[in-house]
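[1] Quick one: sequence and predicted model below, then my questions.
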There are 2 protein chains.
Amino acid sequence: MKFELHSAIEILRQTPYTLLRLLEDLAPEWTQSKGDTENWSPYDVIGHLIHGEETDWIPRAQIILKQGEKRTFVPFDRLAQFDRSKGKTLGDLLTEFAHLRNANIERLVYWQLTPEQLALRGTHPELGEVTLGQLMATWIVHDLNHIRQIVTHMAKQYEGEVGAWKEYLSILQ
Amino acid sequence: MKFELHSAIEILRQTPYTLLRLLEDLAPEWTQSKGDTENWSPYDVIGHLIHGEETDWIPRAQIILKQGEKRTFVPFDRLAQFDRSKGKTLGDLLTEFAHLRNANIERLVYWQLTPEQLALRGTHPELGEVTLGQLMATWIVHDLNHIRQIVTHMAKQYEGEVGAWKEYLSILQ
């Protein structure tokens, strides 16, 4: 499947509402943070997604679109959420993420990016040269990656409860 | 986390609506079946979940609860959906799944299962002895496993579009 802005935005638009349906009103045991930076809870993941909306996708797209002298992205802080989310409920974070995402989609739609713009390049501080189209495709896959991380974390809560079925459940391997 | 019927039902209740939000109104490229029994599309997965509601979880629970002479489950047909879903749209399947799931949750709630009942045993045709509690816990993990399968399938559509970012995206490994 080729990257195409219209169908990519379909996923970006759904993610906050998918996460709301998946996580809202669950018992805290399913979602709460244990402050473990190596094993993110759903709460930690939503904080990470918020930080991405603020500092990653659109700011990096702007760096590429400007085509100024300096086209290297600011490194992304993978653990910012462990401070930034402090004192907020999961519901707060889900609402905040939805607002930020919707504003970012509006901006993206407003840009009316052309194929020529999607082919423009910037420099990732570790990965090197990347295009705007690749950045946008990564945004989508990043959403899906973190939904996967959330459901995997939740499933592992029941790892000891499924008995002999464990061998059939690839999510527990 | 110990299996507890109340918090388990929270997940069972959300799954159909999570899937609706995740999949409804997407371009068919994201979701359509290619009839590939080794690589299920989101469409194939929803058909599989429907078949589970009809033939797996509640019917197997009934076999255990009855504690009759024959406590071996009927083997589950993992590929039934490739016939059973024919002619239906993804929207049809999502609605059908939500209806069946809601009816099954009602039945489960009505049973008011006791700890003694959750410890009752049946026989899985391949895995051997299992308890009703393990069957119920597996139902939840099975939901999460298939949400994971769906987002992984969707992410792989963009495998060739993310450029150098591929190495950061565990969902593409």
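    That came through, no problem. Numbers count the residues shown, from 1 in each chain, chains lettered A, B, ... in the order given.

[2] Make sure A:Gly122 is indeed in a strand.
    Yes: counting by DSSP: H, G, I helix; E, B strand; the rest coil, A:Gly122 is found in a strand.

[3] could you list every residue that touches it?
    By C-beta atoms under 8 Å, 6 or more residues apart in numbering or on different chains, A:Gly122 lies in contact with A:60, A:63-64, A:71-73, A:129-132, A:135. No exception for glycine: its C-beta is placed from N, CA and C like everyone else's.

[4] Give me the buried positions along stretch A:3-11.
    Using 16 or more other C-beta atoms under 10 Å in any protein chain shown as the test for burial, stretch A:3-11 gives A:3-5, A:7-9, A:11.

[5] can I get the CA coordinates of the helix or strand of chain A with the lowest mean pLDDT in CSV?
    Every helix and strand in chain A was compared by mean pLDDT, DSSP states H and E; the lowest is helix A:81-84, with a mean of 92. Provided in CSV are the C-alpha atoms of helix A:81-84 (Å, rounded to 0.1, in the frame of the first residue of the first chain):
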residue,chain,number,x,y,z
GLN,A,81,5.9,11.7,29.9
PHE,A,82,7.2,10.3,33.2
ASP,A,83,7.5,14.0,34.3
ARG,A,84,5.0,15.7,32.1
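
[6] Give me the contact list for it.
    A:33, A:35, A:37, A:44, A:46-48, A:50-51.

[7] For the following helix or strand past that helix, name the packing helices and strands.
    Later in the chain than helix A:81-84, the nearest helix or strand by DSSP states H and E is helix A:90-111. In terms of contacts (3 or more C-beta pairs under 8 Å, 6 or more residues apart in numbering or on different chains; DSSP states H and E), helix A:90-111 is packed against helix A:5-23, helix A:42-55, helix A:57-66.

[8] is the longest one anywhere near chain B?
    Meaning helix A:5-23. Yes: with C-beta under 8 Å from any C-beta of the partner chain as the measure, helix A:5-23 is seen reaching chain B through A:6-7, A:10-11, A:14, A:17-18, A:20-22.

[9] Who are the contact partners of A:Ile63?
    A:Ile63 touches A:70-73, A:122, counting by C-beta under 8 Å, 6+ apart.

[10] are any of the contacts of A:Gly122 buried, and which?
    Here, 16+ other C-beta under 10 Å leaves A:60, A:63-64, A:71, A:73, A:130-132, A:135 buried among the contacts of A:Gly122.

[11] With adjacent residues omitted, what lies nearest to A:Gly133?
    Distances taken as C-beta to C-beta, 6 or more residues apart in numbering or on different chains place A:Leu118 nearest to A:Gly133, at 3.7 Å, with adjacent residues excluded.

[12] This completes my enquiry, with thanks.
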